[in-house]
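# Sequence and predicted model, in that order:
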Amino acid sequence: MTSTPAIPTLMTAADDTASAAVSAAEAADGTGLHGPVTDWFAEHARDLPWRRPAAGAWGVMVSEFMLQQTPVSRVLPVYEQWLARWPRPADLAAEAPGEAVRAWGRLGYPRRALRLHSAASAIQERHGGDVPREHAQLLALPGVGEYTAAAVASFAYGQRHAVLDTNVRRVFARAVAGRQYPPNATTAAERKLARALLPEDEGLASRWAAATMELGALVCTARSPECHRCPIAAQCAWQQAGSPAHEGPPRRTQTYAGTDRQVRGKLLAVLREAVTPVPQGVLDAVWDEPVQRARALDGLVSDGLVEPLTGGRYRLPHA
DNA sequence: CAAACGTGGGC
DNA sequence: TGCCCAAGTTT
């Protein structure tokens, strides 16, 4: 290392110490963080099915859809059944979308099931049935955003991409910016930092992405981080600052009880279990407030999650 | 860019 | 009990 790559700051005066710490560590392995974090990962990584070589790019992609806003423990059983039933994108694409919604079970955010089905169809039509390798082509698939495109390219194909999920953002917020939590929405500064911290070597970059994510999931957790188990605790800006509590606007929380979302969930739960079309009256029983109930059902229909039939009957979408 | 979008487990 | 949080994307 003869030169020190520029490490962007997170743009606040409070981050001077963090920037200095990272810049100083540059002399070692690029950041001083790569070795400790990837070594820790090599020893402590969970043996998750989508990390096994047999999972393939499709397995990785399915897992990424399911893991969006959803804990690993709840994904595991659904993932196994899904891959057993639809081992390739073509297998899913050949099914009615409603079957994807049904198999999604209670994972939540069922539009993901619909989008995964659409993505499988797009893969079949545009990419000959193989999950594309290029970031731009991944990003063009339904339900694939910035994070998922980078994750599939990195985890499935070993490419060098900044993978910025909630875990990584929290790790960087603490280790580098010295803050307890990252901003509510991903910022340009965070993207810049993630790119700057990315190891040059492709293989190492891929492991780094998975390792920082795992560190955030297992050690540097939101509620009660276990800093005594952290491989970079000694270099952590937040630790060095005395673990200051979060400042600024409260992190946005979502309400659920009494919302349309809850009603949609109840309606769809009935339709998932039904083998034959469901009469309006059965759906009416899940929620007593008629205006909200109708609005929720309309929403499900316009989202393509529910198909209205003649005679006021409904079912999961067949095409 | 804020808001919508499910569900369940932990503390 | 009730709030917080979980590998985001879309509009």
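Good, I have the coordinates. Everything numeric in this text was worked out from a predicted model, so none of it was measured.

# Which parts of the stretch 151-300 of chain A are strands?
In the stretch 151-300 of chain A, the strands defined using DSSP state E, counting those that start in this stretch lie at A:278-279.

# Just want the residue of it that's nearest DNA strand B.
A:Gly265 (1.6 Å; Cβ to the nearest atom of the strand). For every residue, glycine as well, the C-beta is placed using N, CA and C.

# Next, count neighbours for that residue.
A:Gly265 is flanked by 18 other residues according to other Cβ atoms under 10 Å.

# so what's it up against?
By Cβ atoms under 8 Å, 6 or more residues apart in numbering, the residues touching A:Gly265 are A:Gly108.

# let's see 7 Å
For A:Gly265, the contact set (Cβ atoms under 7 Å, 6 or more residues apart in numbering) is empty.

# and the gap between it and A:Val72?
In this view, A:Gly265 and A:Val72 are 21 Å apart by Cβ to Cβ, to the nearest Å.

# Can you tell me the closest non-neighbouring residue to the most centrally placed residue in chain A?
Centroid-nearest residue in chain A, with Cα atoms, centre = their mean: A:Gln68, separated by 3.5 Å. The shortest distance from A:Gln68 to any non-neighbouring residue, by Cβ to Cβ, 6 or more residues apart in numbering, is to A:Arg112 (6.2 Å).

# Same question for A:Cys236.
Spatial nearest neighbour of A:Cys236, excluding adjacent residues (Cβ to Cβ, 6+ apart): A:Ala175 at 4.8 Å.

# Residue numbers of the stretch 1-150 of chain A in contact with DNA strand C?
Residues of the stretch 1-150 of chain A lying close to DNA strand C (Cβ under 7 Å from any atom of the strand) are A:48, A:50-51, A:63-64, A:67-72, A:108-109, A:115, A:142-149.

# What lies in contact with stretch A:296-310?
Residues from elsewhere that reach stretch A:296-310, judged by Cβ under 7 Å, 6+ apart: A:101, A:110-111, A:114, A:260, A:263-264, A:267-268, A:271, A:277, A:283, A:314-318.

# Filter those down to just the buried residues.
Taking 16 or more other Cβ atoms under 10 Å as the criterion, what is buried in the contacts of stretch A:296-310 is A:101, A:110, A:114, A:260, A:263-264, A:267-268, A:271, A:277, A:283, A:314-317.

# Done for today, thanks.
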